[in-house]
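A.B. asks: Fold the stuff below for me.
(3 chains)
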Amino acid sequence: MRYLPLNDADRRQMLDIIGADAIDDLFADVPAETLNAAFDLPGHVGELGVERALSAMAAKNQAASAGPFFLGCGAYKHHIPATVDHIIQRSEFLTAYTPYQPEIAQGTLQYLFEFQSQVAALTGMEVANASMYDGSTGCAEAALMARRITKRKKVIVSGGLHPHYAAVTRTNLELHNDDVAIAAPDPAGADDIAALIDEETSCVIVQNPDVFGNLRDLGPIAEAAHANGALLIAVVTEAISFGAVKSPGEMGADIVVAEGQSIGNPLGFGGPYVGLFATRQKYLRQMPGRLCGETTDAEGQRGFVLTLSTREQHIRRDKATSNICTNSGLCTLAFTVHMSLLGETGLRRLAALNHEAACKTADALGAIDGVEVINRNFFNEFTLRLPANAEKVVNALADKGVLAGVPGGRLWLDNPDTENLLIVVATECVTDEDIAMFAEKLAGEI
Amino acid sequence: MNAQGRPSRPDNIAATDAPTFTGNKALQIEEDLIFEVGDFAGTGVDFPEPDGAPSRLGGLERDAPIGLPGLSEPETMRHYVRLSQKNYAIDMGPFPLGSCTMKHNPRLNEKVARLPGFADLHPLTPEAQAQGALEVIDVLSTWLKELTGMPAVAMSPKAGAHGELCGMMSIKAALEARGEAATRTRVLAPESAHGTNPATAVQCGFTVDEIPADKTGRVDLAALKDMLGPDVAGIMVTNPNTCGLFERDIRAIAEAVHDAGGYFYCDGANFNAIAGKVKPGDLGVDAMHINLHKTFSTPHGGGGPGSGPTVLSEALAPFAPVPYVVREGERHTLVETRRAAKEEGESAKSFGRLTAFHGQMGMFTRALSYMMSHGVDGVRQAAEDAVLNANYVQARLKSEMTPAFDGYCMHEALFDDRFLKDTGVETIDFAKAMIDEGYHPMTMYFPLVVHGAMLIEPTESESKRELDQFCDALLSLAKRAKAGEADAFKAAPVHAPRRRLDETAAARKPVLRWTPPIPAEAAE
Amino acid sequence: MTVKYTKDHEYVRAEGDVYVIGVSKHAAEQLGDVVFVELPDAGKTFKKGDDMAVVESVKAASDVYAPISGEIVEANSAIVDEPAKVNEDAEGAAWFVKIRASDPAELDAMMDEAAYAEFAAES
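C.D. replies: Numbering: from 1, shown residues only, chains lettered A, B, ... in the order given. As a prediction, this is how the structure comes out:
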């Protein structure tokens, strides 16, 4: 077996030194009747065979780059520079563990520090952690953090929050019998969420741009929340929007959670992704997840260590801020390498190109008879109202090679208010030809 | 004869560690932060000029500077390559972190994970265009269910701790269905448990009590029985446990918990010791997470991403989270929402959703590639070799070091610090001295039940030759400690990119991000 | 002046009509370098045994329980600003809070200095 260095002679020699007759002597504590169970599974296969089998499965999928592609809703197709994938495959990054021995893990620690600095700048917040699993779990963790800070048990969720994020939050908060009020889907992006906040509210969760692509000023919601002693949690699922849209920090958010996949990480059918998590300095100690901090070594040289670990499970155990242990290490590296290549100049330009592509796509599709663009404003994602069930249209277009967007029925099951809605995203990867083909096929289908 | 020939022997090299002008040490190159290297107007990507059409951002344009440096491509490459050279990694040498399972990460896994059909696939792609992805999930599920002997598996947990959450949420939902959620509020876990266990239980709204250990480092069955009662929701027990020992009474433990009306959550962090040898389902387990990044070789990546599929017993399966894959003949479909699950009758009780989308697909493809490569025969051989290697290390080291418990271990060997008594050397000093010898230290000060714990997990990836050198190095360190070289240990490491770091200063005045230096005039 | 100690390593020292509370020198040594202290605001009331304060080193975090019931009169902001003081002078300048006791009889069950010294040596 190619992954195992020991041969039978080694094994025999080692057993002799151990003083055991046979390998199963070492398994003597296992109940005998359960040892060496029978398994209905195949035997080992060479590299060629495995590659062939998995390639056959991969070939049954339609990759985003295989044709015109307009899907978003929490996962976005962006170009990833070749440098990013090369760096994250370096052995010293790929095959390292969590940097618990800082003297021989400065590489990981320094990029985590750079990552935290980038995330704080992007979100407009004071501190960011070294990442969560993804945006949706970060959202639930933010609601739990607000609960610890305010000691209240009521969460208000905007109708513009991605329904998966809302569901994850509800699943986690229900464990404590908290009240999670999720507003109805709000394609217009104008629900009066501020009016729902009262003195029992722990936090209000608002996504911007929202799941339908609408942008809104979070300022008035932040004011209403703060007037009632509640926190504003701002959610961003498209991190490229940080390069164009006023940051949640500038608009008064207390906690910002974002999906960082758009920067450096592939679509990957939903994971692994990288959750960005940032907050105000005053809430630092209630933050979940790892933090990397600057310090000096015994010779006075600058170095980095994991710090404030007493918040975490391996020290605080039942009183930890969260049970999270693993973070998204390698995905944070991909994020920070891509972000370093972009810089502010590149990010702003990339965001402008996304916005431009979306404007063109919206104009082309909105010109089709019977198709209405709902949004008054948007970044790179917007929502169409079709004269027919959007899921059927999407499936028909998929058969013609166009992945047309996310139909309402995929996110809100059996909801007549959303079943004709089609959420469309256009990134820098979309060409004029893609837009023309989408418009042509869509017009033919409805 | 060439009198101009350069010296070919290092005759007159002075044995000093003279400082260099740059601070660099040959291949060890100091590297500043990107914020110090980069230019705030620079960029390493080429984009076309936007056409400047009017914005439709509704007046929410970001006008203020963000404060992000950009680096050209060569600067970026050099920056991160230099950083990488300050890291230790499995690909460089033994990484014997107990309980963490740092085994070889095959590059075939990386290759298949990057096939465009997997890496470039949107999670909301219509089902007909994503059949291959759903098939991967289904085939991997089949492997995991068969290897564990369990009837169901939830694939969406993002990491081990997330899998624990999944298992404990399933238990809570099952108790709710029985009408006992309000009364069964206690969870029992050994003191030797991973910190995630008590943290998870509390995150699910339970309280936690500690199960005492017996003298052999295992759960004290009699004490456990005394603690069980109508207020106990279940137990969380790691098996093999964090002392590297198999819980001999595992079946009696499961039976006692079930008799008392509770559930058995098994922390599967150490499943790699028994995969292909024993089915946890045969031991009475109700739920167990599997760390794909430990047992099934997906890379640790400097702290993630992980993946924690969680197998469930018949009793807990109906409460599994959405989404999940259902196969009918050749066709795979996704059950995406709790409401859809309810319409499926038996699945009506799903506890909800753990994450957006379907879990760590990129880890699924890697783990499946590993499993198919090994086959069930290879998985079994890997478990046997891991246990063999750990016992070999224990046998070779016991002349100078002190194993915490008598007898054979499973996949990791636990030592305490008795052999360092009165030497002035502590566990941390011993660990730091290993760094100078070119090794990553073992897990130290965990589990908490052993004083100055050193938990060594060599894994099956180490050759005998590598293990022999490792053992020789540790034996020599132990002898040096006993010979009174405490000062050298206290100073270690001296050959690493950094000496010991001041964690106290880092925690007292946290500096968690780069901030621009204050200009000299403003500072006055 | 008498000092009393709890099994959780807090001390209580009478000072006029209030009681000064902190963690023992032994506890401070066990914790290692203290990096963080969180104290309750003046005016808050606690029952004996309630979580009252937090003290942390790099590798450990400890809750400090109210050793007696009563109302917080003053919290020592100096140790919040400079947690290192706890290591320097735990039973002197680095006191945690001053409490107005609602039931001074609660002190009776606590250890005196000699008993605590013996207890600390064993633990």
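A.B. asks: Hmm, B:Arg396 is touching B:Cys471, no?
C.D. replies: Yes: if you go by Cβ atoms under 8 Å, B:Arg396 and B:Cys471 touch, sitting 4.2 Å apart. The way it works is simple: take the backbone N, C-alpha and C, and place the C-beta from them, glycine included.
A.B. asks: my read: B:Leu68 touches A:Gly346, true?
C.D. replies: No: at 9.0 Å, B:Leu68 and A:Gly346 do not qualify as touching, with contact defined as Cβ under 8 Å.
A.B. asks: OK, contacts around the residue in chain C that chain A sits nearest to?
C.D. replies: The minimum distance from chain C to chain A, using Cβ to the nearest Cβ, falls at C:Ala61 (3.9 Å). With contact taken as Cβ atoms under 8 Å, 6 or more residues apart in numbering or on different chains, C:Ala61 is in contact with A:310, A:315-316, A:319, C:54-55.
A.B. asks: The residues you listed: which ones sit near chain B?
C.D. replies: A:310, A:315-316, A:319 (Cβ under 8 Å from any Cβ of the partner chain).
A.B. asks: So what does the spatially most central residue of chain C have for phi and psi?
C.D. replies: Centroid-nearest residue in chain C: C:Gly22, 2.2 Å away (criterion: Cα atoms, centre = their mean). Backbone torsions of C:Gly22, given as degrees, to the nearest 10, read phi -160, psi -170.
A.B. asks: Can you classify A:Asn395 as helix, strand or coil?
C.D. replies: Following DSSP: H, G, I helix; E, B strand; the rest coil, we place A:Asn395 in the helix state.
A.B. asks: burial count for it?
C.D. replies: Counted with other Cβ atoms under 10 Å in any protein chain shown, residues neighbouring A:Asn395 total 16.
A.B. asks: That one contacts B:Thr125, correct?
C.D. replies: No: counting by Cβ under 8 Å, A:Asn395 stays clear of B:Thr125, with 11.0 Å between them.
A.B. asks: quick one, what contacts B:Thr183?
C.D. replies: By Cβ under 8 Å, 6+ apart, B:Thr183 lies in contact with B:230-231.
A.B. asks: which secondary structure element contains it?
C.D. replies: Under the criterion DSSP states H and E, no helix or strand holds B:Thr183.
A.B. asks: What average pLDDT does the helix or strand harbouring C:Tyr19 get?
C.D. replies: Take DSSP H and E as the rule and C:Tyr19 turns out to sit in strand C:18-23. Taken as a whole, strand C:18-23 carries a mean pLDDT of 94.
A.B. asks: got the residue ranges for the strands in the stretch 201-350 of chain B?
C.D. replies: Assigned by DSSP state E, counting those that start in this stretch, the stretch 201-350 of chain B shows strands spanning B:207-211, B:232-238, B:263-267, B:287-289, B:310-312, B:324-328, B:331-335.
A.B. asks: Go ahead and report the secondary structure state at residue 362.
C.D. replies: Defaulting to chain A. Secondary structure of A:Ala362, per three-state DSSP, is helix.
A.B. asks: The nearest residue to C:Lys48 once chain neighbours are set aside and chain B, how far apart?
C.D. replies: Once flanking residues are discounted, C:Lys48 sits nearest to C:Ser69: 4.7 Å by Cβ to Cβ, 6 or more residues apart in numbering or on different chains. Distance, C:Ser69 to chain B, by Cβ to the nearest Cβ, to the nearest Å: 24 Å.
A.B. asks: and C:Ser69, what does it touch?
C.D. replies: Applying Cβ under 8 Å, 6+ apart, we find C:Ser69 in contact with C:45-48, C:101-103, C:106.
A.B. asks: which ones among the residues you listed are found in strands?
C.D. replies: C:45-46, C:101 (DSSP state E).
A.B. asks: Report the entries of those residues that also contact chain B.
C.D. replies: Okay, of these, nothing touches chain B (Cβ under 8 Å from any Cβ).
A.B. asks: With respect to B:Ala130, which of those residues is nearest?
C.D. replies: Distance to B:Ala130 across the ones in strands among the contacts of C:Ser69 (Cβ to Cβ) is lowest for C:Phe46, with 57.4 Å.
A.B. asks: Which residue comes closest to the closest one once chain neighbours are left out?
C.D. replies: With sequence-adjacent residues excluded and distances taken as Cβ to Cβ, 6+ apart, C:Phe46 is closest to C:Ala66, at 3.8 Å.
A.B. asks: same check, this time on A:Gly370
C.D. replies: Distance criterion Cβ to Cβ, 6+ apart; nearest residue to A:Gly370, sequence neighbours excluded, is A:Pro387 at 4.1 Å.
A.B. asks: residues near the one you found, how many?
C.D. replies: Neighbours of A:Pro387 using other Cβ under 10 Å come to 12.
A.B. asks: Tell me who's in contact with it.
C.D. replies: Going by Cβ under 8 Å, 6+ apart, A:Pro387 touches A:370-371, A:420, A:446.
A.B. asks: Ramachandran coordinates for B:Phe489?
C.D. replies: Backbone torsions for B:Phe489, taken as degrees, to the nearest 10, come to phi -70, psi -40.
A.B. asks: who touches it in this structure?
C.D. replies: Contacts of B:Phe489 (Cβ under 8 Å, 6+ apart): B:424-425, B:429-430, B:432-433, B:480-481.
A.B. asks: how does it look with 6 Å?
C.D. replies: B:425, B:429, B:433 (Cβ atoms under 6 Å, 6 or more residues apart in numbering or on different chains).
A.B. asks: quick one, what contacts the last one?
C.D. replies: The contact partners of B:Ala433, taken as Cβ under 6 Å, 6+ apart, are B:477, B:489, B:492.
A.B. asks: can you do 10 Å?
C.D. replies: Neighbouring residues of B:Ala433 by Cβ atoms under 10 Å, 6 or more residues apart in numbering or on different chains: B:425, B:439, B:441, B:473-474, B:476-477, B:480-481, B:485, B:488-494.
A.B. asks: next one: the second one
C.D. replies: The contact partners of B:Asp429, taken as Cβ under 10 Å, 6+ apart, are B:420, B:423, B:477, B:481, B:486-492, B:500.
A.B. asks: care to break chain B down by domain?
C.D. replies: Domains of chain B are assigned by automatic domain parsing as B:109-368, B:375-496.
A.B. asks: Report how far apart the opening and closing residues of the shortest one are.
C.D. replies: With Cα to Cα, to the nearest Å applied, domain B:375-496 spans 39 Å between its terminal residues.
A.B. asks: With adjacent residues omitted, what lies nearest to whichever residue of chain B sits closest to chain A?
C.D. replies: Taking Cβ to the nearest Cβ, chain A has its nearest neighbour within chain B at B:Gly70, 1.6 Å off. In this structure, B:Gly70 finds its nearest non-sequential neighbour in A:Gly343, 1.6 Å apart by Cβ to Cβ, 6+ apart.
A.B. asks: what mean pLDDT does the helix or strand hosting the one you found have?
C.D. replies: Using DSSP H and E, A:Gly343 sits within helix A:329-366. Averaging pLDDT along helix A:329-366 yields 98.
A.B. asks: if we can go back for a sec, how close does the residue nearest to A:Gly370 sit to chain C?
C.D. replies: On the measure of Cβ to the nearest Cβ, A:Pro387 and chain C end up 60 Å apart.
A.B. asks: next one: A:Leu218
C.D. replies: Remark: distance between A:Leu218 and chain C (Cβ to the nearest Cβ) = 30 Å.
A.B. asks: okay, now that residue: neighbour count?
C.D. replies: Residues lying near A:Leu218 (other Cβ under 10 Å) number 24.
A.B. asks: Now for it: which residues touch it?
C.D. replies: Going by Cβ under 10 Å, 6+ apart, A:Leu218 touches A:193, A:204, A:206, A:208, A:225, A:232, A:234, A:246-253, B:60.
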